[in-house]
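[1] sequence unknown, structure follows:
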Ligand code: NAD
């Protein structure tokens with residue numbers, strides 16, 4: 001065995017119903033006195049509740065998916081005008097993403113309170129969109145200093161969004177098995193992430209108001225993000241990045257649709273990953289385990305349903321082949337990726 005593995009420095013608190021006290025402790029540990037709370041309009045209600053005791057000087061609710069540059073500029077200006085000394089984000093990946101955009105240029109510390117299963121809070125990856133092109137990068141400044149997980153804040157996430165967001169997390173796990181910096185540590189995190197997600201998500205669908213399914217899913221989402229942060233983007237993430245950028249498709253749903261196609265494509269060429277994933281799914285093969293889980297969850301099925309035009313398949317395939325990640329277990333040819341994207345479009 002021979003590998004190099006980076007572990008990101010971050011405190012994680014996990015306690016349902018305890019976001020308010022967890023946040024108070026983390027903001028106090030930073031010595032912050034002028035906090036900016038970032039939370040989108042839909043997340044405002046919990047954000048006001050869990051940040052009630054903090055020294056807040058500004059509440060910022062101008063949050064847009066994929067962080068358009070002008071949205072980031074307004075948030076940075078708001079932080080500068082109020083002489084803010086810490087950022088608290090309460091929301092999904094879009095909200096965490098805006099906090100990261102502010103931290104990127106200001107160096108302000110972030111305490112993140114996630115309310116979806118996107119996992120952005122556990123990575124040092126930022127993203128900004130300008131003229132429909134999304135640029136991403138990695139910078140240690142944007143990694144939240146602390147994450148406060150409170151599964152009760154996810155109880156209001158509608159079931160369809162919970163399923164899509166949870167499958168987005170599952171995609172982080174699966175892609176970590178063969179991403180460019182895959183190693184035994186992030187593969188172990190990913191395998192446990194799959195187990196937690198395949199246990200938690202059916203419970204969320206069965207009873208969205210029960211905490212046990214929400215907790216398993218949130219725990220799995222964190223493991224998934226840590227694995228992904230370390231392993232990097234594999235083929236699945238490259239495909240979804242191209243699709244999201246070209247057609248502005250919804251992020252989590254796109255991952256949910258594309259994942260079974262990438263797993264079926266790579267699995268026969270990655271027997272170790274296939275065996276570990278199958279064991280985590282508790283099924284004979286990984287492909288079968290994912291298919292059974294998706295059936296139980298009523299997962300989204302086609303890129304057509306998400307609004308992608310059929311004549312976009314060729315352009316997507318070309319862009320994916322140009323950005324193919326190093327070391328993908330199966331050769332990434334134009335014909336094969338054209339078939340894969342067409343199958344995902346048709347739900348075949
Ligand atoms: P999102 O943050 O846009 O949230 C989706 C919707 O759910 C929004 O309308 C939001 O208001 C609502 N919502 C959030 N929490 C809720 C709750 N508890 N109850 C009810 N409604 C709630 O979507 P997302 O999938 O969480 O994040 C997607 C974004 O995150 C994308 O831009 C993606 O690129 C980014 N992302 C980044 C990383 C990274 O490492 N940088 C990782 C994953 C995702």
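    Received it, and whenever you're ready, just let me know what you need. Since we're looking at a predicted model, the values are computed, not measured.
[2] could you use CA atoms for every contact and neighbour count after this?
    Will do.
[3] quick one: mean pLDDT over the longest helix seen in the chain.
    Longest helix in the chain by number of residues (criterion: DSSP state H): helix 184-206. Averaging pLDDT along helix 184-206 yields 98.
[4] run through the neighbouring helices and strands of it.
    helix 159-176, helix 211-231, helix 271-281, helix 286-297 (3 or more Cα pairs under 8 Å, 6 or more residues apart in numbering; DSSP states H and E).
[5] contacting residues around the closest residue to the ligand within the stretch 151-300 of the chain?
    Nearest residue of the stretch 151-300 of the chain to the ligand (Cα to the nearest ligand atom) works out as residue 157 at 3.5 Å. When contacts are counted by Cα atoms under 8 Å, 6 or more residues apart in numbering, residue 157 touches 115, 116.
[6] and it, which of the three is it?
    Following DSSP: H, G, I helix; E, B strand; the rest coil, residue 157 is assigned to coil.
[7] measure it to residue 289 for me?
    25 Å (Cα to Cα, to the nearest Å).
[8] what angle do the helix or strand of the chain with the lowest mean pLDDT and helix 211-231 make?
    Every helix and strand in the chain was compared by mean pLDDT, DSSP states H and E; the lowest is strand 133-138, with a mean of 87. Using axes from the mean of the first three to the mean of the last three Cα atoms, to 10 degrees, the inter-axis angle of strand 133-138 relative to helix 211-231 is 80 degrees.
[9] ok, back up a step: let's have the helices and strands packed on helix 184-206 in CSV, adding mean pLDDT, mean neighbour count and distance to residue 61.
    Formatted as CSV, the helices and strands packed on helix 184-206 follow (pLDDT from 0 to 100; neighbours: other Cα atoms under 10 Å; distance: least, Cα to Cα, whole Å):
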stretch, mean pLDDT, mean neighbour count, distance to residue 61
helix 159-176, 96, 27, 20
helix 211-231, 97, 27, 24
helix 271-281, 97, 20, 39
helix 286-297, 97, 18, 31
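[10] in TSV, list those along with distance to the ligand.
    Shown next, in TSV, are those (distance: least, Cα to the nearest ligand atom, whole Å):
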stretch	distance to the ligand
helix 159-176	5
helix 211-231	7
helix 271-281	21
helix 286-297	17
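[11] out of those, the one nearest residue 86 is which?
    Closest to residue 86 of the helices and strands packed on helix 184-206, according to Cα to Cα: helix 211-231, at 22.6 Å.
[12] look at the nearest residue to residue 173 once chain neighbours are set aside and say how many residues are nearby.
    In space, residue 173 comes closest to residue 190 once its chain neighbours are excluded; the distance is 4.4 Å by Cα to Cα, 6 or more residues apart in numbering. Here the number of neighbours of residue 190 (other Cα atoms under 10 Å) works out to 34.
[13] also residue 336?
    Neighbour number of residue 336 under other Cα under 10 Å is 15.
[14] so residue 319 belongs to a strand, correct?
    No. Under three-state DSSP, residue 319 falls outside any strand and is assigned helix.
[15] if we ignore the residues flanking it in sequence, what's nearest it?
    Closest residue to residue 319 apart from its sequence neighbours, by Cα to Cα, 6+ apart: residue 242 at 6.9 Å.
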